[in-house]
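Novice: return a 3D structure for these sequence lines:
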Amino acid sequence: MKSVLSRVLIPTALAFAVQAAWAADIEVKIGLGAPLSGGSAAYGKDIENGVRIALDEANAQNIRVGAQTVHFVLDSQDDQGDPRIGVQAAQKLVDDGVTVVIGHFNSGICIPASTIYARANVAMITPAASAPGITSRGLTNVFRTLPQDAQNAALAGQYAVKGLKAKRIAILDDRTAFGQGEADEFEKAVKAEGGTVVAREFTNDKAVDFSSQLTVFKSQRADLVYFGALDQLSANLVKKMKQLNMPAQFLGGGGIVDDVFLKLAGSAAEGAQAYEYGQPLTKLPQGPAFIAKYKKQYGQDVLAYAPFAYDATWTAIKAMQAAGTTDSKAVIEALHKISVEGVTGKIEFNAAGDLKRPVSTLYQVQDNKWVPMAASVN
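Specialist: Residues are numbered from 1 along each chain as shown. Presented below is the predicted three-dimensional model:
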């Protein structure tokens, strides 16, 4: 049986919470589009967690936009990692009257969804999708807080030729907008550096066996294999390379420097390398505090994109403050001029909506850990 004290305190706490919410002059909806179910749900929840931390902080600070105090509310829509459902999720967010959207995770969803947001003059800030096509179509409402493939994969291509001295390079992609985009940019960079691509194959994002593609690579005596895909597929490829006793080095793109890759690849991961978006959080001024905050709130470590989502959310809030209004069109204009010191670094956008000074980091697996080797500005 509850004590009299608990019966008094619980309603009182609720009353304070309600009073805090009602104290704001206006309520502003921040939209989130991400895969909250399905194969990429862990990434979607990681992004959502980053957004929630930022909004909790903002609400605790009684943020003012112009003359009004604002209470931020998160409107999360599950796009399931499916472009068809993603378009429906985007329209739902627009219909709900969100001021800005943080998302999406998949490049193949960001591209069609961004058109819907553009028609409604709603800013979209993706903390994860890296295909160049997201920002190269002349839309003024599209932004991203991490490097894009023309920046990240280009560094990988340069490194393959100059750093690894690879002579016979093979390329594989999963035929998603993300994976194919990475592979395309990598190939361009390799050829620009005078490197040789001896084979280019593709698979799909549900594949579990890569025997046919690796047989081609082996017949071409490839000394390096680059794979444009996320962690699970990349781990399975590395395992298959070891089973086939391929002497080629493995180089991956963004989205694989995490524990998922290490657990799935096992001992086959040793020596694998990848160019990943951003810099190690532990080496950034605000990074350790964010890591601790995330762990305290969710009882787990940051997976990958939560810091980029956190920065995207705070950048949107700062843009509202700079504009002095929550009008979505004015917020877009402010985003083009914004300068924010985020957890992941300085957030400033070029005319296309990409970061002005994107940073990527080369990692290598050593003793079953991803070890940062070097950071590069593109």
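Novice: where exactly do the helices run in the protein?
Specialist: Applying DSSP state H to the chain gives helices spanning 4-23, 41-60, 83-95, 107-119, 149-158, 177-192, 211-219, 231-243, 259-265, 287-298, 306-323, 328-335.
Novice: and of those, who's closest to Lys356?
Specialist: Ranking the helices of the chain by proximity to Lys356 (Cβ to Cβ) places helix 149-158 first, at 11.0 Å. For the C-beta atoms, the positions are set from N, CA and C on the backbone; glycine is no exception.
Novice: contacting residues around that closest one?
Specialist: Identification of contacts with helix 149-158 by Cβ atoms under 8 Å, 6 or more residues apart in numbering yields 130-132, 178, 181-190, 192-193, 195, 226, 228, 251, 253-254, 274-277, 354, 358, 360, 362, 376, 378.
Novice: residues of stretch 200-211 that come out buried?
Specialist: 200-201, 203, 205, 207, 210 (16 or more other Cβ atoms under 10 Å).
Novice: middle-most residue in the protein, spatially?
Specialist: The residue lying closest to the centre of the chain (Cα atoms, centre = their mean) is Ala128, at 1.8 Å.
Novice: now do the domain split for this protein, please.
Specialist: Domain ranges of the chain: 4-147+283-347, 150-277+360-377, per automatic domain parsing.
Novice: okay, these in JSON lines with mean pLDDT next?
Specialist: Converted to JSON lines, these look like this (pLDDT from 0 to 100):
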{"stretch": "domain 4-147+283-347", "mean pLDDT": "92"}
{"stretch": "domain 150-277+360-377", "mean pLDDT": "95"}
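Novice: closest to Thr69 out of the buried residues of stretch 200-211?
Specialist: The closest of those to Thr69 turns out to be Asp205 (Cβ to Cβ; 44.6 Å).
Novice: now the closest one: how far from Lys369?
Specialist: 26 Å (Cβ to Cβ, to the nearest Å).
Novice: what of Arg144?
Specialist: 28 Å.
Novice: so which of those two has more stuff around it?
Specialist: Between Arg144 and Lys369, counting by other Cβ atoms under 10 Å, Arg144 is the more crowded of the two (26 against 11).
Novice: bridging residues for the more buried one?
Specialist: Thr126 (DSSP bridges).
Novice: in contact with it, which residues?
Specialist: Arg144 makes contact with 125-127, 129-130, 134-135, 353-355, according to Cβ under 8 Å, 6+ apart.
Novice: out of these, who's the most crowded?
Specialist: Per-residue neighbour counts (other Cβ under 10 Å) across those peak at Thr126, which has 34 neighbours.
Novice: thought that one was touching Ile134?
Specialist: Yes: at 6.7 Å, Thr126 counts as touching Ile134 under the criterion of Cβ atoms under 8 Å.
Novice: any shared contact partners between these two?
Specialist: In contact with both Thr126 and Ile134: 110, 142, 144, using Cβ under 8 Å, 6+ apart.
Novice: returning to that earlier point: ok, which of the helices of the chain comes nearest Lys167?
Specialist: For the helices of the chain, proximity to Lys167 was assessed by Cβ to Cβ; helix 177-192 is nearest, at 11.2 Å.
Novice: packing partners of that closest one?
Specialist: helix 107-119, helix 149-158, strand 169-173, strand 197-202, strand 224-228 (3 or more Cβ pairs under 8 Å, 6 or more residues apart in numbering; DSSP states H and E).
Novice: would you reformat these as CSV and include distance to Thr325?
Specialist: Listed next are these as CSV, based on distance: least, Cβ to Cβ, whole Å:
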stretch, distance to Thr325
helix 107-119, 18
helix 149-158, 32
strand 169-173, 43
strand 197-202, 47
strand 224-228, 41
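Novice: tell me the contacts of the closest residue to Glu348 other than its chain neighbours?
Specialist: Of all residues not flanking Glu348 in the chain, Lys356 sits nearest, at 4.6 Å (Cβ to Cβ, 6 or more residues apart in numbering). Going by Cβ under 8 Å, 6+ apart, Lys356 touches 348-350.
Novice: nearest to Lys218, of these?
Specialist: Within these, proximity to Lys218 (Cβ to Cβ) peaks at Asn350, which comes in at 41.8 Å.
Novice: ok, and the closest non-adjacent residue to that closest one?
Specialist: For Asn350, ignoring the flanking residues on the chain, the nearest one in space by Cβ to Cβ, 6+ apart is Lys356 at 5.2 Å.
Novice: for that neighbour, give its distance to Gln220.
Specialist: Lys356 sits 39 Å away from Gln220, going by Cβ to Cβ.
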